[in-house]
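The sequence isn't on hand, but the structure is:
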């Protein structure tokens, strides 16, 4: 059960109906009958209770239902059972930067396509194979060398930028839920009779996400893995949000996988989407789902204001720099500190830790260089320093 889902209980009439006035419902030992709704239907009664706040992930709860039938005298029935809330993936707040810190709408990506004539057995539908292929660690059995990347692009490394949406198909024709499909980057469908095979692709982005539950979806042929972490490298993005790795060759009927995850606080978070294809059809769509209306929207769709925004980079969080190489030189105490362009730096000091306030030297504009601070050694018997940045 999802943490914000209503609790619904159906009582099905048999020879005798349920006496609705007799229904008593308890949740975790508390009588919530008055807060629940009881509705009649053709089968009997439907009880719906919405907890006032989302339930904790992976928590266990107890329902207790007592009711009577319509016979004379009535017979009472008692049912009690427990259920568990889904243990959804949770992004860490430390992975995010402030809302609005995203820079340059779009995605960064890397793609690799091995030759069509290679053995399909060398390309299992798994994210591990895809990452190995992207890292040039998948060898061609005919040469003993890494497969040549036929989608290397102008720089020979398969790197690309996508400023619109992730909605690709192998021949550029519309597939799946959304129109406007484009061919995969650096793959000309005509070069492969509209059937390019043995594809691996990774797409990274910083996503602007609100606090709470989110539902994403990936429509794919063949498979994918979406993960998050402190960064979106293959080593950093280890929290799997959703995946479909059909190593058995089986595939879901509509080739779409939807999944929920939780965001602890508003922010901009790094994620990594890995796509892989063996042979046959190849397409991918990455979208979000409105959990109330079920409406699906491509990630970063500029035509839809409700679309989750994706960014190629983000502003790093402001952190106070460290004091470096403190020393005394010819009667002066001095230290250095690194700066970042666009920030102002203030060296602050106090002569006693019991002092409430700090004294500040004039602001120094950051320009990416290391700055040197000096103070006469005889300025005070004891002095404490810190650097503040804004």
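On my side now, so go ahead. On a predicted model such as this, the values are computed, not experimentally measured, just so you know.

Near the residue nearest to residue 363 when sequence neighbours are not counted, how many other residues are there?
Computed as Cβ to Cβ, 6 or more residues apart in numbering, the closest residue to residue 363 that is not its neighbour in sequence is residue 344, at 4.5 Å. From N, CA and C alone the C-beta is placed, and that goes for glycine too. Neighbour count of residue 344, defined by other Cβ atoms under 10 Å: 13.

For residue 344, name its beta-bridge partners.
Beta-bridge pairing for residue 344 (DSSP bridges): residue 365.

For the chain, just list every one of the helices.
Across the chain, reading from the start of the chain, the helices by DSSP state H fall at 127-134.

remind me which residues of it are low pLDDT?
Within the chain, the ranges that satisfy pLDDT under 70 run 247-254, 317-319.

How is it partitioned into domains?
The record's domain split for the chain, according to automatic domain parsing, is 7-84, 93-314, 324-389.

Go ahead and confirm residue 309 touches residue 102.
Yes - with contact taken as Cβ atoms under 8 Å, residue 309 and residue 102 are classed as touching, separated by 6.5 Å.

Specify which residue of those two has the higher count of neighbours.
Set residue 309 next to residue 102 and count neighbours by other Cβ under 10 Å: residue 102 wins out with 22 against 18.

Which strand residues bridge that one?
According to DSSP bridges, residue 314 are recorded as the beta-bridge partners of residue 102.

will you turn the domains of the chain into JSON lines that also has distance to residue 1?
Supplementary listing: the domains of the chain in JSON lines, determined by distance: least, Cβ to Cβ, whole Å:
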{"stretch": "domain 7-84", "distance to residue 1": "6"}
{"stretch": "domain 93-314", "distance to residue 1": "11"}
{"stretch": "domain 324-389", "distance to residue 1": "46"}
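
Pick the most buried one from those.
Sort those by mean neighbour count, taking mean count of other Cβ atoms under 10 Å, and domain 93-314 sits at the top with a mean of 18.

ends of that one, how far apart?
With Cα to Cα, to the nearest Å as the measure, the ends of domain 93-314 fall 15 Å from one another.

Could you number the chain from 577 rather than 1 from now on?
Taking 577 as the first residue, the last one we looked at is domain 669-890.

Can you give the contact residues for stretch 958-966?
Under the criterion Cβ atoms under 8 Å, 6 or more residues apart in numbering, residues 894-897, 899, 909, 911, 913, 916, 919-929, 934, 936, 942, 949, 951 lie in contact with stretch 958-966.

check contacts around the residue nearest to residue 939.
939-942, 965-966.

Same question for residue 861.
742-743, 751-754, 793-796, 874.

ok, so of those residues, who is nearest residue 808?
Checking the contacts of residue 861 against residue 808 with Cβ to Cβ, the nearest one is residue 742 at 14.0 Å.

Report the contact partners of the closest one.
For residue 742, the contacting residues are 683, 779, 849, 860-862, 874-876, taking Cβ under 8 Å, 6+ apart as the criterion.

same thing with residue 620?
Here residue 620 is in contact with 586-589, 593-594 (criterion: Cβ under 8 Å, 6+ apart).

Might one say that residue 701 is in contact with residue 797?
No - with contacts counted by Cβ under 8 Å, residue 701 stays clear of residue 797, the gap being 10.0 Å.

got any residues that touch both of these two?
Contacts common to residue 701 and residue 797, judged by Cβ under 8 Å, 6+ apart, are residue 853.

Quickly list what's touching both of residue 885 and residue 678.
Common neighbours of residue 885 and residue 678, counting by Cβ under 8 Å, 6+ apart, are residue 784.

just to revisit the earlier point, now, which of the contacts of stretch 958-966 lie within strands?
Secondary-structure check on these using DSSP state E: residues within strands are 909, 911, 913, 920-926, 936, 949, 951.

Among those, list the two that are farthest apart in space.
By the measure Cβ to Cβ, the ones in strands among the contacts of stretch 958-966 have their two most distant members at 909 and 920, which lie 22.6 Å apart.

give the contact list for the residue nearest to residue 840 when sequence neighbours are not counted.
Sequence neighbours aside, residue 669 is the residue nearest to residue 840 in space, at 4.6 Å (criterion: Cβ to Cβ, 6+ apart). Applying Cβ under 8 Å, 6+ apart, one finds that residue 669 lies in contact with 840-841, 843.
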